[in-house]
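Enquirer: Predicted model and sequence below, questions to follow.
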Amino acid sequence: MLEQALKTFLTWTTSVSKRSHQNNEGKNLISTMPRILQTGLLVCLMTVLQFSQTVPPTQPGAAGSSAVTIDFRDIASEAGLTAENVSGDADNKRYILETTGDGVAIFDLDNDGLMDVLLVNATTMDGKGRGEQSTSHLYRNVGNLHFVDITQKAGLGRVGWGQGVCVGDYDNDGYEDLFVTYYGHSVLYHNEGNGTFKDVTEAAGLKSDTVRWDTGCSFFDYDLDGKLDLAITGYVDFDRSKIPEPGSGGYCQWKGMPVMCGPRGLPSGRSFLFHNDGNGEFSDVSMASGIGKPTGCYGFTVLASDFDNDGYPDLYMSCDSRPSLLYHNRKNGTFEEIGVASGVALSDAGQEQAGMGVTASDYDEDGYVDIAKTNFSDDVPNLYHNNGDGTFTDRVYESGLGAHTQYLGWGIQFLDVDNDGRKDIVMVNGHVYPEVERGALNYKYHQPRLLYWNAGGSKFKDRSNNAGPGISEPWASRGLAVGDLGNDGSIEVVINNLDTKPSLLKNYGTKKNWLMVRCVGTKSNRDAVGARVYVYVGDRRISGEIQTGASFLSQNDPRVHVGLADDTSYQRIEVQWPGGQREAFPGGKANQIVVLTEGKGSAAAGAKTASGARP
């Protein structure tokens, strides 16, 4: 009952304030209510709720919350990740282009078994940048959490309005290629296999004749032909000469402050789907597939996953200030948009939200992939639980993720911070208006991160205040990617912070046993994007999925990390390859990296094909 009271209060304040960050047509009831009364009501409800709830029993083999210590510290400078992010004027954002920030990629560029890091970068409005710092930066992992900047040597020294990145071996030659989105012209970089990359955008058929503002991207094999296709989202059709001045009109003010204009009031961008035809070439199937049809979506992150377990990957797109989109794969080269019908387009109160980052994983291990999404301030994130029947239910309040409304969320990711076998959640935040620091409102431009520890029973516990300075310190963060940079079973977090240095968060807290699984496709795409990994240990089954674009315009470590808690070995691994073919691989000892190649396992008992893939 108390939980429902909190939920009702938060929903009421959100709906009456029309929290869209660009639509401020006059005052509303909440804005006229004294700030101290607003805060008092919310704090009282939250405090009573906190003391009335109990954390459910933990799952077998996992440590209780009292035994878990989480201590994230920022070691970016010591590790050598020192390049400054540049995104227009750091203190006075006159254009929305200056506010969106950039993504991060964690991947192995040279097949040495160590994950490298790409930090995408933007520039300044005059196009001149701030010297070499305005390029994106590629860091090679030389071991022991130390990195060397090889940007120029690798051929990635381009200055421009970089946005996001996704990684995939699109030509199946054994080396990871890069697609970097830009405001202007996005670029496909082919990995030459010698530590360098070549711009092959035009040769691949991906060159745009017009200026576009591309944001998110994701490699995935939508037709299961063994070649990675490419989905791209667009944010705003941005023409600087047509953008009104800050403060001019209702879409250029926020809570009475004059601010930069958009996205509302500006024309939306477009989404694209490119089919991989082989021989290094793509063809534009955006309109024929249905992905390119106008939706009004101000698109950010796009993520592919098989949400209905039919063997074919679907697409989820977060939209700013518009309903988010879910494209169901019809298995015939076309997609049907079902976001509203399936329950993943709006808040649980039916309100449009400002979707930013997206992560998808089976957090309760019921066999169906769930979705979490970050949103603007004066709102809460979403935790869309997959009901297994084609619908989702937003459980943000029931799960414990709905307590904070003051933060503006960007990157978000499921990860297991302590190797207990349960998927926790990390989120990064930061406002878009530097003016809030100078105004009278109780908002902050630099904001702390959030860490939610999975307590079992579909409940999360907010550990943000005792998860180390890497979580509690305030930043204006954007892109986030996670991966095991030290190959020691501990997951690191790399964050692209707006207009300053990046963060590399290492957890010095308690961690248990682990397993890292790398999959290699033979019949399916070489990266095995879309494959699901199931590790059987004790009386548990722990899952993971190989994905490309995720979080906020970012790319995570492509290997599947699994926490084994107190178990020192596992019984077996089953891999469901793209299309539904399922193979079993023998068990082994904990605390190692295993490589599983398609066709080298044995048929899994009860396995089904794409026409009826079992969870």
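Expert: Nice, I can see it. Numbering: from 1, shown residues only.
Enquirer: shaky segments in the stretch 501-615 of the chain?
Expert: 606-615 (pLDDT under 70).
Enquirer: can you pull out the helices in it?
Expert: Remark: no helices are assigned in the stretch 501-615 of the chain by DSSP state H, counting those that start in this stretch.
Enquirer: go on, the stretch 201-350 of the chain?
Expert: For the stretch 201-350 of the chain, the helices defined by DSSP H, counting those that start in this stretch cover 286-289, 339-342.
Enquirer: so where is this structure shaky, pLDDT-wise?
Expert: Regions of the chain meeting the criterion pLDDT under 70 cover residues 1-67, 131-133, 606-615.
Enquirer: Specify the local secondary structure of the nearest residue to residue 193 once chain neighbours are set aside.
Expert: Nearest residue to residue 193 in three dimensions, chain neighbours excluded: residue 175, at 4.9 Å (Cβ to Cβ, 6 or more residues apart in numbering). Where C-beta positions appear, they are placed from N, C-alpha and C, glycine not excepted. Of the three states, residue 175 takes coil according to DSSP: H, G, I helix; E, B strand; the rest coil.
Enquirer: quick one, what contacts the spatially most central residue of the chain?
Expert: Nearest to the mean C-alpha position of the chain, by Cα atoms, centre = their mean, lies residue 551 at 0.7 Å. Neighbour list for residue 551: 103-104, 301, 357-359, 411-413, 479-482 [criterion: Cβ atoms under 8 Å, 6 or more residues apart in numbering].
Enquirer: on that earlier part again, what sits against the residue nearest to residue 193?
Expert: By Cβ under 8 Å, 6+ apart, the neighbours of residue 175 are 109, 111, 169, 191, 192, 193.
Enquirer: How many residues are close by the third one?
Expert: Residue 169 has 21 neighbours, counted by other Cβ atoms under 10 Å.
Enquirer: Same check on residue 139?
Expert: 24.
Enquirer: Bridged to it, which residues?
Expert: residue 117, residue 149 (DSSP bridges).
Enquirer: May I have stretch 268-279 as PDB, with CA atoms only?
Expert: The C-alpha coordinates for stretch 268-279 follow below in PDB (Å, rounded to 0.1, in the frame of the first residue of the first chain):
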ATOM      1  CA  SER A 268      12.900  14.400 -36.300                       C
ATOM      2  CA  GLY A 269      15.600  12.400 -37.900                       C
ATOM      3  CA  ARG A 270      15.200   9.100 -39.700                       C
ATOM      4  CA  SER A 271      16.000   5.500 -38.900                       C
ATOM      5  CA  PHE A 272      17.800   3.200 -41.500                       C
ATOM      6  CA  LEU A 273      18.300  -0.500 -42.100                       C
ATOM      7  CA  PHE A 274      21.100  -1.700 -44.300                       C
ATOM      8  CA  HIS A 275      21.200  -5.300 -45.500                       C
ATOM      9  CA  ASN A 276      24.600  -6.900 -45.800                       C
ATOM     10  CA  ASP A 277      24.900  -8.300 -49.300                       C
ATOM     11  CA  GLY A 278      28.300  -9.800 -48.900                       C
ATOM     12  CA  ASN A 279      31.500  -8.800 -50.600                       C
END
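Enquirer: Now do the buried residues in it.
Expert: 268, 269, 270, 271, 272, 273, 274, 275, 276 (16 or more other Cβ atoms under 10 Å).
Enquirer: hang on, isn't the fourth one packed against residue 289?
Expert: No. Counting by Cβ atoms under 8 Å, residue 271 stays clear of residue 289, with 10.0 Å between them.
Enquirer: what's near enough to touch residue 334?
Expert: Residue 334 is in contact with 288, 289, 290, counting by Cβ under 8 Å, 6+ apart.
Enquirer: oh, I was asking about residue 243
Expert: Taking Cβ under 8 Å, 6+ apart as the test, what residue 243 contacts is 95, 96, 261, 262, 266.
Enquirer: Greatest separation within the residues you listed: which pair is it?
Expert: Within these, 95 and 266 form the most distant pair, 10.5 Å apart (Cβ to Cβ).
Enquirer: between those two, who's got more neighbours?
Expert: residue 266 (20 against 16).
Enquirer: so how far is residue 164 from residue 141?
Expert: Distance, residue 141 to residue 164, using Cβ to Cβ, to the nearest Å: 21 Å.
Enquirer: Next: residue 314.
Expert: As judged by Cβ to Cβ, residue 314 and residue 164 stand 20 Å apart.
Enquirer: okay if I get the helices of the stretch 201-350 of the chain as a markdown table plus mean neighbour count?
Expert: Formatted as a markdown table, the helices of the stretch 201-350 of the chain follow (neighbours: other Cβ atoms under 10 Å):
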| stretch | mean neighbour count |
| --- | --- |
| helix 286-289 | 17 |
| helix 339-342 | 17 |
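Enquirer: I'd like the ones you listed laid out as CSV, including distance to residue 597.
Expert: Below are these laid out as CSV (distance: least, Cβ to Cβ, whole Å):
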stretch, distance to residue 597
helix 286-289, 31
helix 339-342, 35
